[in-house]
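Enquirer: Dropping the sequence and predicted coords here.
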Amino acid sequence: MFNDSSRYAKLAIVEAKAEGGRSVQAVVLRCLPYVGGVPVTIKGNDRLDVMAQRRYSDPTQFWHLADANTELEANALLSSKDGGNPDVPQTPRTILVPEK
């Protein structure tokens, strides 16, 4: 169901009942351990897949960067700490980039 390099590849798949009683398949919840990393400041148009390519030579490993940080939405890691408010000077964002 998932590519071997996916963060979900080794998780169990369970049957669940969806609204209306139909059966669906879902992966069990992933519990994230603490993962340290090297602080990296986001610059310009950085993207997680591009940063993963630089770090791991594989853009599909972007999820390692997402897992090492606390944002629920991975793309929020790339936004400034000031939330993009044009009236506030933008503070560059620093995120952790793990060894893998």
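Expert: The structure has been received and is ready for your questions. Just so it is clear, the model here is predicted, and its values are computed rather than measured.
Enquirer: which element is residue 25 on?
Expert: Using DSSP states H and E, residue 25 falls within strand 23-27.
Enquirer: Return the set of buried residues in that strand.
Expert: Going by neighbour count (16 or more other CB atoms under 10 Å), the buried part of strand 23-27 is residue 27. C-beta here means a position set from N, CA and C on the backbone, and glycine is covered the same way.
Enquirer: Can you tell me the strand partners of that strand and which way each runs?
Expert: Paired strands of strand 23-27, with direction, are strand 13-17 (antiparallel) (DSSP bridges).
Enquirer: ok, residues contacting the partner strand?
Expert: Residues from elsewhere that reach strand 13-17, judged by CB atoms under 8 Å, 6 or more residues apart in numbering: 1, 23-28.
Enquirer: May I see the residues you listed arranged in CSV, with pLDDT and distance to residue 48 as well?
Expert: As requested, these are exported to CSV (pLDDT from 0 to 100; distance: CB to CB, whole Å):
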residue, pLDDT, distance to residue 48
1, 72, 23
23, 95, 34
24, 94, 28
25, 92, 27
26, 90, 24
27, 90, 21
28, 89, 24
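Enquirer: any chance of the residues you listed in JSON lines, with distance to residue 74 too?
Expert: Formatted as JSON lines, the contacts of strand 13-17 follow (distance: CB to CB, whole Å):
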{"residue": "1", "distance to residue 74": "21"}
{"residue": "23", "distance to residue 74": "29"}
{"residue": "24", "distance to residue 74": "24"}
{"residue": "25", "distance to residue 74": "23"}
{"residue": "26", "distance to residue 74": "20"}
{"residue": "27", "distance to residue 74": "17"}
{"residue": "28", "distance to residue 74": "20"}
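Enquirer: still on that earlier bit, from the chain's centroid, how far away is the strand holding residue 25?
Expert: Counting by CA atoms, centre = their mean, to the nearest Å, strand 23-27 is centred 22 Å from the centre of its parent chain.
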